[in-house]
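Undergrad: Model the following, please.
(one chain, ligands or ions: 1)
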Amino acid sequence: MKESFVALMLACIVGSCLAELTDKRAMTLLNRYGFSDGEPSTDSDIKRAIEDFQDFHSLEQTGELDKETKALLHMPRCGLPDVQDDGNGRRTKRFVTTPYKWDKFHLTWGILNYTTDLQLQVFNAALQFWSDDSALTFEYTADPTSVDIVISFVSGDHGDGYPFDGTDLAHAFLPVDVSDPISGDVHLNDAINLG
Ligand SMILES: *[C@@H]1O[C@H](CO)[C@@H](O)[C@H](O)[C@H]1NC(C)=O
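TA: Just a heads-up that it's a prediction; the model follows:
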């Protein structure tokens, strides 16, 4: 009886620590995805950040880390923020049409590392979707050193200023300045099993 009570107590303590850890991680992610400046810590900041996240993702705005919200927040995803500061202190959606575009329609692409036939098929199929609905065409080039879109598998801090976190699947660079070699490049998080 006594032992099972102790076990129950322990389970509760471990349980609440886990809950705290999850919440801490949730605050880190809300900040990372652009829903607050710094990790939200006061109750009202936390509520507002969660509501903004829910609003952005068309979830019911409960202001609480309910099941749906948690699931979406912790899901592996693109590592860049959903919203960003527009320079005037306002948050705007990141998925807007930008003035940046390629100065040509035919783009070459290659894989810097980990090339297998399966990868080629997967990327080919994905790029085919894109070219089917746009004016762009894509050409695979075995030597990735001089292609427009370099695909690489990297992990953690990989030197581009956007270190991967445990839930980031991938990110890509807009052709802001097409003379910059990183324009168009795609980084996939090698620390995540994309199986
Ligand atoms: C792929 O290449 C990048 C850039 O050279 C490197 O940082 C990364 O570690 C490589 N990844 C693998 C899985 O070898």
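Undergrad: While we're on the nearest residue to residue 34 once chain neighbours are set aside, how confident is the model there?
TA: Spatial nearest neighbour of residue 34, excluding adjacent residues (CB to CB, 6 or more residues apart in numbering): residue 81 at 3.1 Å. Bear in mind the C-beta positions are built from the backbone N, C-alpha and C, glycine included. pLDDT recorded at residue 81 is 79.
Undergrad: Please list the residues of this structure that sit near the ligand.
TA: 112-114, 152-154, 158, 190 (CB under 6 Å from any ligand atom).
Undergrad: possible to save those residues as TSV with secondary structure, pLDDT and neighbour count?
TA: Formatted as TSV, the residues of the chain next to the ligand follow (DSSP: H, G, I helix; E, B strand; the rest coil; pLDDT from 0 to 100; neighbours: other CB atoms under 10 Å):
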residue	secondary structure	pLDDT	neighbour count
112	coil	94	16
113	coil	89	10
114	coil	82	11
152	strand	95	16
153	strand	93	19
154	strand	94	18
158	coil	95	15
190	coil	91	16
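Undergrad: Identify the farthest-apart pair in the residues you listed.
TA: Taking CB to CB as the measure, the residues of the chain next to the ligand span a maximum distance of 14.0 Å, between 114 and 158.
Undergrad: Work out for me the element the nearest residue to residue 139 once chain neighbours are set aside sits within.
TA: Leaving aside its sequence neighbours, residue 139 sits nearest to residue 108 (CB to CB, 6+ apart; 5.0 Å). Using DSSP states H and E, residue 108 maps to strand 106-111.
Undergrad: ok, then the element right after that strand?
TA: helix 117-132.
Undergrad: buried sites along that following helix?
TA: 123, 127 (16 or more other CB atoms under 10 Å).
Undergrad: Mind listing the strands the helix or strand that comes right after it pairs with, and their directions?
TA: For helix 117-132, the following helix or strand on the C-terminal side (DSSP H and E) is strand 137-140. When pairs are called by DSSP bridges, strand 137-140 turns out to pair with strand 106-111 (parallel).
Undergrad: could you dump the strand it pairs with to PDB, C-alpha only?
TA: Taking C-alpha atoms only, strand 106-111 is exported to PDB below (Å, rounded to 0.1, in the frame of the first residue of the first chain):
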ATOM      1  CA  HIS A 106      15.200  26.500 -67.100                       C
ATOM      2  CA  LEU A 107      16.800  25.500 -63.800                       C
ATOM      3  CA  THR A 108      19.400  22.900 -63.100                       C
ATOM      4  CA  TRP A 109      19.500  21.000 -59.800                       C
ATOM      5  CA  GLY A 110      21.800  18.500 -58.100                       C
ATOM      6  CA  ILE A 111      22.400  16.700 -54.900                       C
END
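Undergrad: Not counting that strand itself, show me its contacts.
TA: Strand 106-111 is contacted from outside by 119-120, 123, 127, 136-152, 184, using CB atoms under 8 Å, 6 or more residues apart in numbering.
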